[in-house]
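**Student:** My questions concern the predicted model and sequence given below.
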Amino acid sequence: MSENILEVQQLQTHFYRKDGVVKAVNGISYSLEKGDTIAIVGESGCGKSVGVTSIMGLIKNSEKASVEGKVIFKGRDLFSLNKKDRLEIYGNEISMIFQDPMSSLNPTMKIGEQIIEPLLWHGKATKKEAKEIAIKLLEEVGIPSPEDRYNRYPFEFSGGMRQRVMIAMALICDPDLLIADEPTTALDVTVQAQILSVIQKMQKKKNTSVILITHDLAVASSFCNKVIVMYAGKIVEQGLMRDFITNPTHPYSIALLNSTPVLGDARDKLDAIAGQPPNLKNIPEGCAFAPRCTQCMDICHKEMPPMIEISANHSVSCWLKADKEKEGL
């Protein structure tokens, strides 16, 4: 039986502004097993990236923000550890590929220096050893002439090559958990496939657990075996990817899939989701998707639906399913 490498329990991240409280992540819970790949999907602004940056400790409790809940990594709650112990984990046992390679790399440093920095910081290699490891890793992620490229600056790389550098940097310490936040954003389709292939190859080689943040369901379905659907800071559906693709249950999940282009689809146009996501400073009572839902009932506007377990690996937060459960259907 596989054990969970990560357990997120009631994670909540709020930002405090003069005009109100932005409830970016509003109490989400999920787990990830060793070697598993899970996609977190949803429209822009649903809380995907804020959730994982909170896990990485990049959002600090202050007058402007608060992060609550538990993040259990390999049996330890990251939020309860002291700063020294957390820093030993971040960038070492947990690494992250950030969303924008164009701005995530330091333009004043050679890429080799940036790649080996985690190894040196965590004391896992000498500078000479780190350089050898980095050059080998650059080759593995598909960088041509890695010895020469090691001494180049970011502006000398294309977007796809910079993303490969980011992958190499994230993987250099052999992390147990890799978080990839929109790793293929702004890249063309061919480069997208290459980048995902690199991550998948490295993940299988090292049995790394992966969290993929994306709004592209085609990418998610080809890469991940589990999925979490987020809306307005909450999880509305989660389960195995194959179940989600063949039997989506939440109206929002169905709408997302219907708005995704499929090769050979005979439809003249895609089905857009009517309306707009709610303002996270003023989330409506009950189900946040209710104002946009074509199957909305009165109770949807009044009470938050419970998370209903459809099967051992598939659950949904929707009153339609809750009512059927009450009826014994």
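**Tutor:** Noted; the coordinates are in hand.
**Student:** quick one: buried residues of the biggest helix by length in the chain?
**Tutor:** Secondary structure of the chain per DSSP state H: the longest helix is helix 189-206. Residues Val191, Gln192, Gln194, Ile195, Leu196, Val198, Ile199, Met202, Gln203 are the ones in helix 189-206 that count as buried (16 or more other C-beta atoms under 10 Å). Using the backbone N, CA and C atoms, a C-beta is placed for each residue, glycine as well.
**Student:** hang on, isn't the first one packed against Gly160?
**Tutor:** Yes. Checked against C-beta atoms under 8 Å, the pair Val191 and Gly160 is within contact range at 3.8 Å.
**Student:** rewinding a little: for the buried residues of helix 189-206, name the two members farthest from one another.
**Tutor:** Pairwise distances across the buried residues of helix 189-206 peak at 18.5 Å for Val191 and Gln203 (criterion: C-beta to C-beta).
**Student:** buried stuff in stretch 55-65?
**Tutor:** Neighbour counts using 16+ other C-beta under 10 Å place Ile55, Met56, Gly57, Ile59, Ala65 of stretch 55-65 among the buried residues.
**Student:** Packing partners of the helix or strand where His14 lies?
**Tutor:** Per DSSP states H and E: His14 is located in strand 4-17. Secondary-structure packing of strand 4-17 (3 or more C-beta pairs under 8 Å, 6 or more residues apart in numbering; DSSP states H and E): strand 20-33, helix 48-55, strand 65-73.
**Student:** Paired strands for the next helix or strand after the first one, with orientation please.
**Tutor:** Okay, so that is strand 20-33. Where DSSP H and E defines the elements, the next helix or strand beyond strand 20-33 is strand 37-41. Take DSSP bridges as the rule and strand 37-41 pairs in its sheet with strand 209-213 (parallel), strand 226-231 (parallel).
**Student:** mind putting the ones you listed in a markdown table, mean neighbour count included?
**Tutor:** Converted to a markdown table, the strands paired with strand 37-41 look like this (neighbours: other C-beta atoms under 10 Å):
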| stretch | mean neighbour count |
| --- | --- |
| strand 209-213 | 25 |
| strand 226-231 | 25 |
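**Student:** and of those, who's closest to Glu33?
**Tutor:** Closest of the strands paired with strand 37-41 to Glu33 is strand 209-213, at 7.1 Å (criterion: C-beta to C-beta).
**Student:** List of residues touching that closest one?
**Tutor:** 5-6, 32-40, 48-49, 52, 99, 176-183, 199, 203, 219-220, 223-224 (C-beta atoms under 8 Å, 6 or more residues apart in numbering).
**Student:** Just the buried ones out of these, please.
**Tutor:** Here, 16+ other C-beta under 10 Å leaves 5-6, 32-33, 35-40, 48-49, 52, 99, 176-183, 199, 203, 219-220, 223-224 buried among the contacts of strand 209-213.
**Student:** what sits against Pro305?
**Tutor:** Pro305 is in contact with Gly286, Cys287, Ser317, Cys318, Trp319, Lys321, Ala322, counting by C-beta under 8 Å, 6+ apart.
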